[in-house]
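A.B. asks: Sequence and computational prediction follow.
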Amino acid sequence: MRDSRRLRGMTLIEVMVAIAIFALLGVISWRALSGMADARERMNVEFARWRAIARFGQMVENDLAQIAPRMGTSTSTQGALVLSRSDTVEELRLTRFDAASGGLQRRAYRLDKEDLLLERIPLLNDSIEPEKDVLLTGVKSLHWRFLVNGKEVTEWTPSTSAPWVLPGAVIMEMELADVGTVTRVFALH
């Protein structure tokens, strides 16, 4: 009788328990892999968002590094860097050297609803509509400040007699819906 039990193999209950254990391990593995894939997707989205924020900061830094006074035109009263404010819009305008055209280009950074826009404004022909690019979305607020003679000020307008004079630094403060407040200081000299 002992020899017949050894040759019989596994009972139906033992097979069912083994299948249940393998099924449970499969579900646990699937959930772990699914969770990892979801986390990876969230990280990719978050990384893309921070990359867009960094790209915006780099654009502003490049524009400020290439800033140029507007001289020799009939509209030269506007300086190289101007902040204009209204009740709803705060816009930073600058004139910069443009390597592509070999001349100058005006640019403006402003908030339109929750979209951060870059406008490329024609220098000599104000009748041409500016090119607009959406740099960031989900921006709640955008504020600019300046460092002048070691003091932080909210207003800065260049003098008409010396439009090339710049503040020591430009301070950008941006509030994003998903990130919070991002502050960046751009040194000008």
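C.D. replies: Structure received.
A.B. asks: how about the residue nearest the centre of the chain, what does it touch?
C.D. replies: Geometric centre of the chain, nearest residue: Ile53, 1.9 Å, by Cα atoms, centre = their mean. The neighbourhood of Ile53, defined by Cβ atoms under 8 Å, 6 or more residues apart in numbering, consists of Leu136, Leu176, Val179, Val182. No exception for glycine: its C-beta is placed from N, CA and C like everyone else's.
A.B. asks: Just put these in CSV and tack on neighbour count, pLDDT and distance to Ser84.
C.D. replies: What follows is the contacts of Ile53, written out as CSV (neighbours: other Cβ atoms under 10 Å; pLDDT from 0 to 100; distance: Cβ to Cβ, whole Å):
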residue, neighbour count, pLDDT, distance to Ser84
Leu136, 20, 94, 20
Leu176, 19, 95, 23
Val179, 15, 89, 26
Val182, 17, 95, 22
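A.B. asks: picking up where we left off before, the residue nearest to the centre of the chain should be in a strand, yeah?
C.D. replies: No: using DSSP: H, G, I helix; E, B strand; the rest coil, the assignment for Ile53 is helix, not a strand.
A.B. asks: Distance of it relative to Ser141?
C.D. replies: Distance of Ile53 to Ser141, computed by Cβ to Cβ, to the nearest Å: 14 Å.
A.B. asks: And for Pro130?
C.D. replies: 22 Å.
A.B. asks: if you go through the chain in chain order, where are the strands?
C.D. replies: 81-85, 90-98, 103-112, 115-121, 131-137, 139-148, 151-153, 169-176, 180-187 (DSSP state E).
A.B. asks: Which among those is found nearest to Glu14?
C.D. replies: Among the strands of the chain, strand 180-187 comes nearest to Glu14, with 57.4 Å by Cβ to Cβ.
A.B. asks: Direction included, what does the closest one pair against?
C.D. replies: Using DSSP bridges, strand 180-187 pairs in its sheet with strand 169-176 (antiparallel).
A.B. asks: Return the strand it pairs with as CSV; C-alpha atoms alone will do.
C.D. replies: C-alpha atoms of strand 169-176 as CSV (Å, rounded to 0.1, in the frame of the first residue of the first chain):
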residue,chain,number,x,y,z
ALA,A,169,18.9,92.3,-12.0
VAL,A,170,15.4,91.2,-13.0
ILE,A,171,13.4,89.1,-10.6
MET,A,172,10.7,86.9,-11.9
GLU,A,173,8.0,85.4,-9.7
MET,A,174,5.6,83.0,-11.2
GLU,A,175,2.8,81.0,-9.5
LEU,A,176,1.8,77.8,-11.2
